[in-house]
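Asks: Sequence first, predicted coordinates after that:
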Amino acid sequence: MPASQTRRYVALDGLRGIAAILVVFYHLQVSNHFTHNLFFRNGYLAVDLFFILSGFVISSSYSRRINSIPDTMRFIGLRFFRVYPMHLATLLVLLGLEFLKLYSQSSGMITASDRAAFTGPDSWGAFFANLGLVQGLGIFNYLTWNAPSWSISCEFVAYLVFALAAAGGLFRSKILVLLLSLAGLGGFCFVAFTHGDLNSTYDLGIVRCLAGFFIGACIFQTTQDSRFPKLSQSSISSGQIVLLIAFFLIAGTISDTKIVAIVPVFVGWVLLFQSDTGVLARVLMTPGVQYLGKISYSVYLVHYVFLYIEAIVLKRIFGIPSLFDSTMHVPVFQTDRWTGDFILAGSLISIVVISDITFRLIETPSRIWGRELIFGWSNRARTLQRES
């Protein structure tokens, strides 16, 4: 699997950035004038868009470069250094906060009414499950530690399945690609009708992840066929606008099983934005949106940790109480709307600033170091093989 350059899908990068901000708004539970509506309550759907985007981009980069067990191992190693360091960093921050909570409880600084440290979602068992990146595979009946990381756990499984499928040549068969696409759509329908919507995490999240990931992978494989129709720029622009309207209509009016109708919209977006042309693609390619796309993974993992710390600060220093939503595993700030507007804006800016720092200090160095380590091993192995 040579380290050859692959195409960068600029508009899709920007789309990932917008999706990350939607997830932040979904989890930032505070009374305000902007986000208390069904559209933002459906912000969890951005995770399904993440899965589809990931499947598409990973397939474009690796589906033709994984042909053996060594290729598979290198791919898994590269993905490990891409996703695990940030996951570990946020997990360790939360671990430190839990030790601080333990000290505060033992010293009487926190009342007995607070949940005991290292119990429930933040137990030691859950910590080691997160450390092993298996927390999203149905081990627990609740979200644990850095709650959004359930999807990282599931996506790593998707990487393993994808690598085996690519090494086995499954993507070379048009019939199998079609079957994988249908299986992906079936997976989404199964989650919607079993769960009542698509907001399944610790229970059916793995089905949701695999469905989206392999739909994305199949979109790439399908569009590489020379017989796939080429659309004019005006048609692409019109399609992008129609799908944007459909997105707002579906996400803003549906909250039950029919929300699965959002999946074709996401498929259409990936189909139309991959060309980096069209009126909405140009918006996604602007510097500000591209910046959000660049730091989107950090935003996704950092925002929950920030909200956790923010709840402590607002409660202990400013006297602003918060309740804990056991379903979403996030604090719900008890404020008036104007104060909530200030918290909303301040939180978003802070999350972006912190994510920029973690992107530069954790994501980028660990990715570079991982590539040097893995391809260094590969080069040494080839040298030894030649010498033997």
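Replies: That came through fine.
Asks: Pull out the CA atoms of the strand or helix carrying residue 315 and give them to me as PDB.
Replies: Here residue 315 sits within helix 296-316, counting by DSSP states H and E. What follows is helix 296-316 as a C-alpha-only set of coordinates in PDB (Å, rounded to 0.1, in the frame of the first residue of the first chain):
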ATOM      1  CA  SER A 296     -13.900  18.900  12.900                       C
ATOM      2  CA  TYR A 297     -12.600  15.700  14.600                       C
ATOM      3  CA  SER A 298     -11.200  17.700  17.500                       C
ATOM      4  CA  VAL A 299     -14.500  19.700  17.700                       C
ATOM      5  CA  TYR A 300     -16.400  16.400  17.900                       C
ATOM      6  CA  LEU A 301     -14.300  15.000  20.800                       C
ATOM      7  CA  VAL A 302     -13.500  18.200  22.600                       C
ATOM      8  CA  HIS A 303     -17.000  19.700  22.900                       C
ATOM      9  CA  TYR A 304     -18.400  17.200  25.400                       C
ATOM     10  CA  VAL A 305     -15.400  17.600  27.700                       C
ATOM     11  CA  PHE A 306     -15.700  21.300  27.500                       C
ATOM     12  CA  LEU A 307     -19.500  21.200  28.300                       C
ATOM     13  CA  TYR A 308     -18.700  19.000  31.300                       C
ATOM     14  CA  ILE A 309     -16.100  21.400  32.700                       C
ATOM     15  CA  GLU A 310     -18.300  24.400  31.800                       C
ATOM     16  CA  ALA A 311     -21.200  22.900  33.900                       C
ATOM     17  CA  ILE A 312     -18.800  22.700  36.900                       C
ATOM     18  CA  VAL A 313     -17.600  26.300  36.500                       C
ATOM     19  CA  LEU A 314     -21.000  27.800  35.900                       C
ATOM     20  CA  LYS A 315     -22.400  25.900  38.900                       C
ATOM     21  CA  ARG A 316     -19.600  26.400  41.400                       C
END
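Asks: which of the residues in it are buried?
Replies: With burial defined by 16 or more other CB atoms under 10 Å, the residues of helix 296-316 counted as buried are 296-308, 310-311, 314. C-betas here are computed from N, CA, C, even on glycine.
Asks: Surely residue 117 touches residue 107?
Replies: No - with contact defined as CB atoms under 8 Å, residue 117 does not reach residue 107; the gap is 11.9 Å.
Asks: These two - which one has more neighbours?
Replies: Taking other CB atoms under 10 Å, residue 117 and residue 107 do not tie; residue 117 has more neighbours (19 against 8).
Asks: which non-adjacent residue is nearest that one?
Replies: residue 102 (3.8 Å; CB to CB, 6 or more residues apart in numbering).
Asks: do residue 283 as well
Replies: What sits nearest to residue 283 in space, not counting adjacent residues and going by CB to CB, 6+ apart, is residue 289, at 6.8 Å.
Asks: what's near enough to touch that neighbour?
Replies: Listed by CB atoms under 8 Å, 6 or more residues apart in numbering, the contact set of residue 289 reads 14, 17, 18, 283.
Asks: how much space between it and residue 41?
Replies: 23 Å (CB to CB, to the nearest Å).
Asks: same check, this time on residue 162
Replies: Using CB to CB, residue 162 is found at 31 Å from residue 41.
Asks: Which one's more surrounded, the two?
Replies: Per other CB under 10 Å, whichever of residue 162 and residue 41 has more neighbours is residue 162, with 28 against 16.
Asks: Next up, the contacts around the more buried one.
Replies: 55, 58, 59, 62, 213, 214, 217.
Asks: how much does the helix or strand containing it deviate in direction from helix 296-316?
Replies: Take DSSP H and E as the rule and residue 162 turns out to sit in helix 150-167. Between helix 150-167 and helix 296-316, the angle comes out at 170 degrees (axes from the mean of the first three to the mean of the last three CA atoms, to 10 degrees).
Asks: list the helices and strands the longest helix that the chain contains packs on?
Replies: Counting residues, the longest helix in the chain under DSSP state H turns out to be helix 69-106. Applying 3 or more CB pairs under 8 Å, 6 or more residues apart in numbering; DSSP states H and E, one finds that helix 69-106 makes contact with helix 124-131, helix 150-167, helix 296-316, helix 364-387.
Asks: And the ones you listed: which comes nearest residue 257?
Replies: Set against residue 257 and scored by CB to CB, the helices and strands packed on helix 69-106 come closest in helix 150-167, at 21.0 Å.
Asks: how far off helix 124-131 does the closest one point, in degrees?
Replies: Using the same axes, to 10 degrees: helix 150-167 against helix 124-131 is 40 degrees.
Asks: Now the helix or strand just after helix 150-167: buried residues?
Replies: Following helix 150-167 in sequence order, the next helix or strand is helix 174-195 (DSSP H and E). With burial defined by 16+ other CB under 10 Å, the residues of helix 174-195 counted as buried are 176, 177, 180, 181, 184, 185, 187, 188, 190, 191, 192, 195.
Asks: can I get those in CSV with pLDDT and distance to residue 335?
Replies: What follows is those, written out as CSV (pLDDT from 0 to 100; distance: CB to CB, whole Å):
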residue, pLDDT, distance to residue 335
176, 86, 53
177, 85, 50
180, 87, 47
181, 89, 46
184, 93, 41
185, 93, 42
187, 94, 39
188, 95, 36
190, 95, 39
191, 94, 34
192, 94, 34
195, 91, 31
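Asks: For the residues you listed, give me CSV that also has distance to residue 168.
Replies: Below are the buried residues of helix 174-195 laid out as CSV (distance: CB to CB, whole Å):
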residue, distance to residue 168
176, 10
177, 13
180, 12
181, 17
184, 18
185, 22
187, 20
188, 24
190, 24
191, 26
192, 30
195, 31
